[in-house]
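J.: With the input below, show me the fold.
(chains A, B, C, D and E, ligands or ions: 4)
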Amino acid sequence: MTFVVVASPPLSVRGARIAFGDRVVANNLALEFPASRTTCLLGRSGVGKTSLLRWLAGLLPGAERTQPTAYMAQRDLLLPWLGLLDNVLLGFRLRGDAAGLEAAVPRARRLLTEVGLGDRLGDRPETLSAGMRQRAALARTLCEDRQVVLMDEPFAHLDAVTRLDLQDLAVRLLAGKTVILVTHDPLEALRMGHQVRVLSGSPFAVGPALEPPGAVPRDPTDPVLLGLQGLLIAELRSTP
Amino acid sequence: MTFVVVASPPLSVRGARIAFGDRVVANNLALEFPASRTTCLLGRSGVGKTSLLRWLAGLLPGAERTQPTAYMAQRDLLLPWLGLLDNVLLGFRLRGDAAGLEAAVPRARRLLTEVGLGDRLGDRPETLSAGMRQRAALARTLCEDRQVVLMDEPFAHLDAVTRLDLQDLAVRLLAGKTVILVTHDPLEALRMGHQVRVLSGSPFAVGPALEPPGAVPRDPTDPVLLGLQGLLIAELRSTP
Amino acid sequence: AQEKVRLLLDWFVNPDHAALVVAKQRGIFIRHGLDVELIAPADPNAPPKLVAAGQADYAVSYQPTLQMLVAENLPLVRVGVLVAQPLNSLVVLEDGPVKTLADFKGRKIGYSIAGFDEALLGAMLESAGLTLKDVTLINVNFALTTALMSKQVDGVIGAFRNFELNDLALNKARGRIWLVEQNGVPTYDELILVAKRETVDVARTKKLLAAIAEATTWLKANPAEAWEIFSKSGKDLDTELNRLAWKDTLPLLADDPLALDRARYETFAAFLVKRGLIKQAPAIDTYLRDVK
Amino acid sequence: MRPLITAVGLLLAWEALAWATGVPVYILPPPTRVAVVLVQRFDLLIEQAAWTAAEMMLGLVLGLVLGATLAVVFAASAGWRRWALPLVIISQAIPVIAIAPLLVLWLGYGMASKVAMAALVIFFPVVSALYDGLSRTDPGWLDLAQTMDAPPRAVLLQIKLPAALPAFASGARIAAAVAPIGAVIGEWVGASAGLGFLMTQSLARGQTPLAFAALVLLCLLGLALYHATDWVTRRLVPWQSLQGE
Amino acid sequence: MRPLITAVGLLLAWEALAWATGVPVYILPPPTRVAVVLVQRFDLLIEQAAWTAAEMMLGLVLGLVLGATLAVVFAASAGWRRWALPLVIISQAIPVIAIAPLLVLWLGYGMASKVAMAALVIFFPVVSALYDGLSRTDPGWLDLAQTMDAPPRAVLLQIKLPAALPAFASGARIAAAVAPIGAVIGEWVGASAGLGFLMTQSLARGQTPLAFAALVLLCLLGLALYHATDWVTRRLVPWQSLQGE
Ligand SMILES: Nc1ncnc2c1ncn2[C@@H]1O[C@H](COP(=O)(O)OP(=O)(O)OP(=O)(O)O)[C@@H](O)[C@H]1O
Ligand SMILES: Nc1ncnc2c1ncn2[C@@H]1O[C@H](COP(=O)(O)OP(=O)(O)OP(=O)(O)O)[C@@H](O)[C@H]1O
Ligand SMILES: [Mg+2]
Ligand SMILES: [Mg+2]
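T.: Ligands and ions are numbered 1, 2, ... in the order given. Got it, this is the predicted structure:
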């Protein structure tokens, strides 16, 4: 286990109700996400994963965020008028945090280099490929350095190899933080998550926490994981 | 083999040059995509897959499209002012093809039902989840019923189960058509493609055509495929 | 030292202002100890109000306007006169269908915005046995001659006899004219000088009017030289229309700007009351200041 | 409720302004004076207001239709745009006094010339904003339409136009706000009725309170038209919820 | 090259119009007549044009600054918006003739009152368009900023404002097109120089060709200002390439 300087808080939801008009996505939801751990969420398309994440980020009416949180949405949300480096540093600029900004610049450069965009620091987002933009958004989220991190399909537009590399990077940089990661890839969930939970039904219920053995990031070719993957897929398939 | 009524044409590229300012994505590119077959393209993020697809669709300066083509971009591009059914029928409306439109309505309904959106026909795109929007875009592309179909990561936002279902659907409906499908999932490429080709380098080169045995859609648990997957990942990993 | 004086004209500089322009250009004002600034507005209604508000010392205005404004409690007084007779008239095209006032029955008459043209016209028509109801009135704003020449209207009221006829002539048209004071309207002072009632400076006004009187005398004696001075005094004054109007205007300028005919004001106030333009005639002495 | 508070606030501000700056009544009458006139001359004022409201409404409708048509034509044809855009810009620079005689010559002194004048003032924000909106469509949609072999006409009417509705709404709101002045300017062409006419006439006669009573009605008409337009245009783009309000 | 063709086209259209409709010279002089006057009175015209151009430019700058500031204030504070927006709308409905004496009272006869009047006409499209733009930000960006704990001020200035630059450009273009009429209206306040002054004066004196020569210059000024604004505002939003042009 990694030695954690700042204790990351647990996240809990009690009696939450998420609804859009008549469409109830979640009702009387009670959930606990363990502190300093990565929880991966799986679920069929449209079940309510994004809605849950937005609730946790305090972005839905009625929701309240209890601690500083970094949120990576499904879209990259890069600002078209800023270069990549400035986009990654957006949080510090917005908070008007000059000292933090200065300290963050080298980290931002390093992060962009680690996600493979070290030679595109000044480029505008519209000149990048979709995967590149997603990597920049990942760098921005990691640069925020919050104790709670919410990520919505952060690797969806990445090729298999880059994806593995960035999973490793994320696991390394997010060690000790409370992370909730939505993904569609059961293997990715098993590789990165201390816990994996499946959302199903409408309004959705959250299944029991599956805790794969071993330290993250796990080896994706490990037969135990592959076995668990089959289990998860079966669980996903069991609900419409 | 399926019996094909309308012969789908092959697609070929000769001496193409794709560049954005100084950044040359492809130079003197010569490629042949076989008729009535599905070719899956793999490649690292930013290598130029989208650019190649856009070139084939005639959307880049200098490019010319030779036959009617359906193109599914990386973004869903649903029109926010139209309901789902109308979005799926967009092509017919735009072409002012009243007869075609009438004939297409039942097909569009069926397609939306098959992608799991049968109960959301009139809903506006912004009330859907990302995966739902991607499924609607897929339905729109399939509804066009063109002999050449270009698809850019059509399943990126779908969960593992839905993804398998829709791969089956796509294989069934695209049988006999000339299809070029960009994906990041080697197993998906192996499952759906008559041919799989890897793009690598800058400007990119296109690797030799890998032709997995058996009819599509192949069984993803087939050890032959899993072996080929390792091969593809190694090939992807070999280029930066 | 020269006393600074701000004088608002009623409109753009034109031969009606001959005495003022000549007095300024020939240094007559200076000789009388005044440094006069002439300001031309685009809206003829604003100057008296600005004088009342203290934004200028004097304004060129019209007797009917003064009497209407005073009836609305504007603190204005008349201190002098520039043209001591009406200039207003009713004009038609000579070859048009209207030969006599009675011919206006059922016709269209254009008027400008001045606010009392309508009343003058009413009186004129009644002198010919018609009423305002027998004609259609159209506010044509600035474009009196244009409206007439393009036959959009059959006649116009508010035409100045020294201007509009010349304007017609320049455009190769001939006009027929009815003078207001000969057709049922009491005579009045067309151009007067007004000042603010509370602050009017009688000594300074005397100097101003003396200078104007001197300029008037001089320009009537030297019309050609005066024209030279006038036409060069500002941008774009040397025009054919001004040249023609100049000749017609000089004889109309008041020889004695200090002259005051109280009876004329009583009569006209009664006329305004009768025409319903004001409710009650204001006391004469509140708005007439004899500076003699 | 809120409009009422605003109205009272405006009146207080006006009263305070008149008071603090010591402006004489015949230049800026205090609201109390104007209110008295408003009540006393209500019949006259309403009659004139009806006239001006009709001009405004007709001008706005004509302006919107004309503006939208021109914007669509400009978006459809570079040739047209090249020729007609300068004309459209020039049309904004021409003061009413220069073209009033022309308008009267062609359209007479009736309501037509006033509506034309009002429409001339009103149509420009619509052309400009809508044309901008039409040339700012998401390129992804245009690519999609191109691969679908959509004829340019269909792209314009079914993609660019709906996508530009928020821009149209923006232009229409500006148009609605300038509609009152458009109508009043129209009355300069030569009028015998309307609030603008009444205002000029009462200003000329020194009846400043009556002029300001007319002005108050004109402003009310303007506010009503603006809010009506705002309400309608917001409903034009239900897929885009505006923040605020 | 292209502007030249357009200019010649306009002149031909004008000549044709004058010819076909048989409009008398004192209403619409043919371009040939106007050209002669333009050459003969060039010095006078240029002098007046310089005056009007100065008013236009100052009015535009003031209008843009004022408009942008107000829009930002409205976007920042619902309270301000509720109170001041009706005032802003009302400001558009007020005819110059009603407030000219007020302006002279407060700002004198100099250029200040004219520039103020011009700015009053010019600022509104900017407020309206920019405010619309500010309330139409991609909600995704706002959510992002919220999770980043951005203070409202930073969201406004660093997210909403840059995102609204295309809308600002739209408003600025409308403002530039109405700037000439703004300046001319300003000259109504009481001027002794400027193209508007020259125009009213020569129309009043029956010198229609001179008035139209002044009008031609005014239109040229308008076109120049519009295209300059267009050029600048397009460069404001380099990340958004407009179709067409
Ligand atoms: N509009 C543009 N302007 C400049 N450069 C561009 C533009 N579009 C793409 N590029 C560049 O072209 C290269 C290829 O981009 P492309 O989108 O084709 O990649 P891709 O293979 O589809 O990547 P991904 O898997 O991330 O979607 C990238 O380096 C990208 O930065
Ligand atoms: N703004 C909205 N208005 C109405 N309904 C909405 C809205 N946003 C989401 N929904 C509905 O809420 C449900 C859950 O959506 P959500 O985006 O949370 O799904 P998801 O699990 O993230 O799906 P995906 O994997 O496809 O991203 C869906 O049925 C969707 O239609
Ligand atoms: Mg989602
Ligand atoms: Mg791509």
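J.: Could you check how far the spatially most central residue of chain A is from chain B?
T.: Taking C-alpha atoms, centre = their mean, the centroid of chain A lies closest to residue A:151, which sits 1.8 Å from it. Distance from residue A:151 to chain B, counting by C-beta to the nearest C-beta, to the nearest Å: 14 Å. All C-beta atoms are positioned from the backbone trio N, CA, C, and that covers glycine.
J.: for chain A, what spans make up the strands?
T.: Applying DSSP state E to chain A gives strands spanning A:11-20, A:23-33, A:38-43, A:69-72, A:148-152, A:178-182, A:195-200, A:205-206.
J.: of all these, which lies closest to residue D:143?
T.: With C-beta to C-beta, the closest approach to residue D:143 among the strands of chain A belongs to strand A:148-152: 26.1 Å.
J.: re the thing from before, beta-bridge partners for the residue nearest to the centre of chain A, please?
T.: residue A:72, residue A:181 (DSSP bridges).
J.: Please enumerate the helices of chain A.
T.: A:49-56, A:84-88, A:90-94, A:98-114, A:130-144, A:160-173, A:186-192, A:223-238 (DSSP state H).
J.: Let's have the ones you listed in JSON lines, adding mean pLDDT, mean neighbour count and distance to residue B:114.
T.: Converted to JSON lines, the helices of chain A look like this (pLDDT from 0 to 100; neighbours: other C-beta atoms under 10 Å in any protein chain shown; distance: least, C-beta to C-beta, whole Å):
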{"stretch": "helix A:49-56", "mean pLDDT": "95", "mean neighbour count": "24", "distance to residue B:114": "23"}
{"stretch": "helix A:84-88", "mean pLDDT": "97", "mean neighbour count": "23", "distance to residue B:114": "39"}
{"stretch": "helix A:90-94", "mean pLDDT": "96", "mean neighbour count": "22", "distance to residue B:114": "41"}
{"stretch": "helix A:98-114", "mean pLDDT": "95", "mean neighbour count": "15", "distance to residue B:114": "41"}
{"stretch": "helix A:130-144", "mean pLDDT": "96", "mean neighbour count": "25", "distance to residue B:114": "26"}
{"stretch": "helix A:160-173", "mean pLDDT": "94", "mean neighbour count": "20", "distance to residue B:114": "28"}
{"stretch": "helix A:186-192", "mean pLDDT": "94", "mean neighbour count": "25", "distance to residue B:114": "23"}
{"stretch": "helix A:223-238", "mean pLDDT": "90", "mean neighbour count": "16", "distance to residue B:114": "17"}
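J.: For ligand 1, find the nearest of the ones you listed.
T.: helix A:130-144 (2.4 Å; C-beta to the nearest ligand atom).
J.: pLDDT (mean, whole number) over the helix or strand hosting residue D:32?
T.: Element membership for residue D:32 (DSSP states H and E) is helix D:31-40. Taken as a whole, helix D:31-40 has a mean pLDDT of 91.
J.: repeat for stretch C:69-87
T.: 92.
J.: residue contacts, residue C:13?
T.: Shown in contact with residue C:13 (C-beta atoms under 8 Å, 6 or more residues apart in numbering or on different chains): C:21, C:38, C:40, C:233, C:234, C:237.
J.: ugh, wrong one, residue C:3
T.: C:33, C:34, C:35, C:204, C:207.
J.: from those residues, which would you call buried?
T.: C:34, C:204, C:207 (16 or more other C-beta atoms under 10 Å in any protein chain shown).
J.: count of neighbours near the residue in chain D positioned nearest to chain A?
T.: Residue of chain D nearest chain A, by C-beta to the nearest C-beta: residue D:139 (9.6 Å). Residue neighbour count, defined by other C-beta atoms under 10 Å in any protein chain shown, stands at 13 for residue D:139.
J.: now swap in residue A:96 and tell me
T.: With other C-beta under 10 Å as criterion, residue A:96 counts 13.
J.: which non-adjacent residue is nearest it?
T.: residue E:154 (6.1 Å; C-beta to C-beta, 6 or more residues apart in numbering or on different chains).
J.: what helices or strands is whichever strand or helix holds that neighbour leaning on?
T.: Element membership of residue E:154, judged by DSSP H and E, is helix E:152-154. Under the contact criterion of 3 or more C-beta pairs under 8 Å, 6 or more residues apart in numbering or on different chains; DSSP states H and E, helix E:152-154 touches no helix or strand at all.
J.: what's in contact with it?
T.: Under C-beta under 8 Å, 6+ apart, the answer for helix E:152-154 is A:93, A:94, A:95, A:96, E:76, E:145.
J.: Nearest residue to residue 141 in space, please, no chain neighbours.
T.: This is for chain A. residue A:72 (4.1 Å).
J.: my bad, chain D
T.: Nearest non-adjacent residue to residue D:141 (C-beta to C-beta, 6+ apart): residue D:159, at 5.3 Å.
J.: what's the neighbour count on that neighbour?
T.: 22.
J.: Let me have the strands of chain A in a markdown table, extended by mean pLDDT.
T.: Converted to a markdown table, the strands of chain A look like this (pLDDT from 0 to 100):
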| stretch | mean pLDDT |
| --- | --- |
| strand A:11-20 | 90 |
| strand A:23-33 | 92 |
| strand A:38-43 | 96 |
| strand A:69-72 | 95 |
| strand A:148-152 | 96 |
| strand A:178-182 | 96 |
| strand A:195-200 | 94 |
| strand A:205-206 | 92 |
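J.: one step back: can you narrow the contacts of residue C:13 to ones near ligand 3?
T.: Applying C-beta under 5 Å from the ion, the subset of the contacts of residue C:13 adjacent to ligand 3 is empty.
J.: for the residues you listed, which one is nearest residue D:47?
T.: Among the contacts of residue C:13, and counting by C-beta to C-beta, the member closest to residue D:47 is residue C:40, at 35.6 Å.
J.: how about the closest one, phi and psi?
T.: phi -100, psi 120 (degrees, to the nearest 10).
J.: Residue C:16 is in contact with that one, correct?
T.: No: the pair residue C:40 / residue C:16 is not scored as a contact, 11.8 Å apart, by C-beta atoms under 8 Å.
J.: which of those two has more neighbours?
T.: The neighbour comparison of residue C:40 against residue C:16 (other C-beta under 10 Å) goes to residue C:16, with 24 against 21.
J.: In contact with the nearest residue to residue A:79 once chain neighbours are set aside, which residues?
T.: In this structure, residue A:79 finds its nearest non-sequential neighbour in residue A:87, 5.8 Å apart by C-beta to C-beta, 6+ apart. Residues near residue A:87 by C-beta under 8 Å, 6+ apart: A:78, A:79, A:125, A:136, A:140.
J.: Leaving out sequence neighbours, find the closest residue to the closest residue to ligand 3 within the stretch 151-292 of chain C.
T.: The nearest approach of the stretch 151-292 of chain C to ligand 3 comes at residue C:152, 69.6 Å away (C-beta to the ion). In space, residue C:152 comes closest to residue D:104 once its chain neighbours are excluded; the distance is 5.6 Å by C-beta to C-beta, 6+ apart.
J.: if you take the average position of chain D, which residue is closest to it?
T.: residue D:179 (2.3 Å).
J.: how about that one, what does it touch?
T.: Contacts of residue D:179 (C-beta under 8 Å, 6+ apart): D:56, D:59, D:60, D:63, D:118, D:121, D:122, D:222, D:225.
J.: got the contact list for the longest helix along chain C?
T.: As assigned by DSSP H, the longest helix anywhere in chain C is helix C:202-221. Contacts with helix C:202-221, where a contact means C-beta under 8 Å, 6+ apart, come from C:3, C:5, C:7, C:18-20, C:22-23, C:26, C:28-29, C:31-34, C:36, C:57-58, C:79-80, C:82, C:193, C:195, C:226, C:250-251, C:253-258, C:289, C:291.
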